[in-house]
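Q: take this sequence and fold it.
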Amino acid sequence: AAFRLLRYRSLVVLLLVSLVLTALDRILLLQTAPFLQWIGIRTSHVMPAMAVGQMGEILMMLLLGLVLTRLGFRTVLICGACCYLLRFCIFASPGLPVGVIVVSQLLHGICFTCGLTASAIYIDRLAPRDARHSAQSGFTLAAVAPGSVLGGLLNGLLSTTWSEAGQIGYAGFWYSCAGVSLLALLGLVICFRDDSDSCSGSVPPRGAT
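A: Here you go, the predicted model:
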């Protein structure tokens with residue numbers, strides 16, 4: 001039953017976009033700490049600075065249900081992809097104060113929650129009740145797992161490409177990531193249409209019996 005969901009173009013688009021966003025998320029996981037040290041944050045302060053992103057994630061998790069109800073999946077997913085692009089552009093701007101870079105970690109909550117968590121919820125909405133577990137497993141196998149591998153490979157490629165004298169040139173590195181995130185954003189804007197309301201497997205709206 002889960003494979004029949006592939007008849008929805010929106011799901012195919014979402015799987016491809018989620019693959020890219022998972023790869024970008026992996027790159028952020030690998031490079032944010034070294035980058036924060038590179039801009040002058042002491043090693044002992046790196047983890048507290050990164051914790052700002054976790055605070056943003058917790059806040060967005062609490063608000064996600066309300067945001068999805070008000071804005072719908074398409075807008076929320078596009079917001080998530082936009083925040084990946086914005087975050088990379090901020091990281092790539094060497095003239096910004098360190099405090100701005102640290103505060104921009106709050107975007108992690110919107111990136112991850114609106115981009116990847118909302119994708120998983122959308123698949124739940126699209127799938128019949130008896131196929132939701134297999135649909136989520138398929139999402140992990142098709143997008144999350146290979147996306148993590150792709151992120152590791154892309155991180156290595158970009159690190160090599162933008163390294164000079166053993167140091168990554170982070171402006172070029174992050175702008176390259178921004179270019180990849182722009183492709184994911186354009187894919188959502190141009191190709192994604194919300195099929196969840198017309199799907200027989202949709203969860204009833206809140207308040208419905």
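Q: now do the SS call for residue 95.
A: Three-state assignment for residue 95 (DSSP: H, G, I helix; E, B strand; the rest coil): coil.
Q: and it, how close does it get to residue 34?
A: Separation of residue 95 from residue 34 (C-beta to C-beta, to the nearest Å) stands at 20 Å. To be clear about C-beta, it is placed using only N, CA and C from the backbone, and glycine gets the same treatment.
Q: likewise for residue 28?
A: From residue 28 to residue 34 the distance is 11 Å (C-beta to C-beta).
Q: just to revisit the earlier point, compare residue 95 and residue 34 (neighbour count), which wins?
A: residue 34 (13 against 5; other C-beta atoms under 10 Å).
Q: now the more buried one, nearest residue through space, not along the chain?
A: In space, and not counting its chain neighbours, residue 34 is closest to residue 168: 7.7 Å by C-beta to C-beta, 6 or more residues apart in numbering.
Q: for beta bridges, what are the partners of that neighbour?
A: Residue 168 forms beta bridges with residue 163, as assigned by DSSP bridges.
Q: show me where this structure has its helices.
A: Secondary structure of the chain (DSSP state H): helices at 9-38, 43-71, 73-91, 98-103, 107-110, 118-126, 132-139, 145-161, 170-191.
Q: in a markdown table, list those helices along with mean pLDDT.
A: Shown next, in a markdown table, are those (pLDDT from 0 to 100):
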| stretch | mean pLDDT |
| --- | --- |
| helix 9-38 | 94 |
| helix 43-71 | 94 |
| helix 73-91 | 96 |
| helix 98-103 | 94 |
| helix 107-110 | 93 |
| helix 118-126 | 89 |
| helix 132-139 | 85 |
| helix 145-161 | 95 |
| helix 170-191 | 96 |
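Q: what's the most buried one of those helices?
A: helix 107-110 (a mean of 24; mean count of other C-beta atoms under 10 Å).
Q: that one packs against which elements?
A: Helices and strands touching helix 107-110, by 3 or more C-beta pairs under 8 Å, 6 or more residues apart in numbering; DSSP states H and E, are helix 43-71, helix 73-91.
Q: other SSEs contacting the first one?
A: On a contact count with 3+ C-beta pairs under 8 Å, 6+ apart, helix 43-71 meets helix 9-38, helix 73-91, helix 98-103, helix 107-110, helix 118-126.
Q: for those helices, which one sits closest to residue 184?
A: Smallest distance to residue 184 across the helices and strands packed on helix 43-71 (C-beta to C-beta): 4.3 Å, for helix 9-38.
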